[in-house]
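Visitor: turn this into a model:
(2 chains)
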Amino acid sequence: MKTKRKFRFFYNYEREEAWLDEMARKGWKFIGRSLFGLYRFEETPPQDLNFRIDYRYIPGQTELLKYLQLFQDSGWQHVYGDNSGFGCDAGCKYFVSTSADASEDIFSDASSKAQRYRRQCKYHGFVILITMFLLSYGFSEEFTLLVTNPLALFFGPAPNLTMLTVRIFYSLLFLSLLVTLVHSLYYAIRSFLSWRQLNKEAHPFNQQD
Amino acid sequence: MLAKRNKLLPLTETTFYILLSLRQPGHGYQIMQTVEELSGGSVRIAAGTMYGALENLSKQKLIEAVPNDDPRRKTYQITPYGSEVLELDMSRMKLMIKAAEKEAAES
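Guide: Model (predicted):
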């Protein structure tokens, strides 16, 4: 079975779902994700598939199975999902429609679609808090270096090999936390805006103009 | 005199139909089918919406999980408080229909 990998970042569920459908039409069926934005596909004859994504954390394995059963009962096969909170695919659950009777989408009103973005926004808010806490309490030296002499983070002088290894390790950790923070900030803002937009569509008569 | 209205009212269409179906115990997919039947096909709740709604209604104590023989599915039923809220919303809607019919008769 031939497989393919593609590297992508999505901040909008509609676009991600449309892309997965398009790949299936080209003969590549989505089978899963790896860490850090990699999508995996297997070669199939071109098909007209309907992929949908839910964003949710289900507490515990028993609850997760009941959640998946509900989708299966209503004609949605679970292709791949993450429930751990780590990686770019954190919290995402991918479903594909298996019967002609199944609904067009896994959400039937704008309010629940808005809630999906709200959950994502809250998760990234949490990541932002954690990374900011870690960065401010453990890495003030690295921050100073980043601003004054960034190359010294990795290539600066060190008294011995052990110290050099330790310093490189801390610098890598620092940069990963920084990247995570920036990434989550971007995600949090995008999902907040999407949530607000969809919320307006869900409650058209609630505006205070 | 303004009667203090229950802050959960008015119920959304999704909530109303779920509460109505759960006067009999049922699990997610059963509720989906009952709602479609009760509404004559005009209201269809999808899986993602259903899961979120069931969670919210549980938190608001309008429904509760009940034991069942099926380990793969969670069965719910309406609570007494849920029945009360449902009755209040039905009265509210009956009043609206009555007002509309009265207005139509007078004009």
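Visitor: report the distance from the longest helix seen in chain B to the chain centre.
Guide: Ranked by number of residues, the top helix in chain B under DSSP state H is helix B:80-106. Computed by Cα atoms, centre = their mean, to the nearest Å, the chain-centroid distance of helix B:80-106 equals 14 Å.
Visitor: do it and chain A meet at all?
Guide: No. Interface with chain A: helix B:80-106 contributes nothing (Cβ under 8 Å from any Cβ of the partner chain), its closest point being 15.2 Å away. For every residue, glycine as well, the C-beta is placed using N, CA and C.
Visitor: tell me what the longest helix belonging to chain A is packed against?
Guide: Looking across chain A with DSSP H, the single longest helix is helix A:161-202. Applying 3 or more Cβ pairs under 8 Å, 6 or more residues apart in numbering or on different chains; DSSP states H and E, one finds that helix A:161-202 makes contact with helix A:110-138, helix A:140-148, helix A:152-155.
Visitor: try 6 Å
Guide: helix A:110-138, helix A:152-155 (3 or more Cβ pairs under 6 Å, 6 or more residues apart in numbering or on different chains; DSSP states H and E).
Visitor: out of the ones you listed, which one sits most buried?
Guide: Neighbour counts (mean count of other Cβ atoms under 10 Å in any protein chain shown) averaged over each of the helices and strands packed on helix A:161-202 peak at helix A:110-138, with a mean of 17.
Visitor: check what pLDDT residue 100 gets.
Guide: Going with chain A. According to the prediction, residue A:100 has pLDDT 82.
Visitor: my question was about chain B, not that one.
Guide: 96.
Visitor: what's the burial count for it?
Guide: 10 (other Cβ atoms under 10 Å in any protein chain shown).
Visitor: also residue A:148?
Guide: 8.
Visitor: just to revisit the earlier point, between the longest helix of chain A and helix A:110-138, how big is the angle?
Guide: 160 degrees (axes from the mean of the first three to the mean of the last three Cα atoms, to 10 degrees).
Visitor: ok so, going back, ranking the helices and strands packed on helix A:161-202 by mean pLDDT, which is last?
Guide: helix A:152-155 (a mean of 79).
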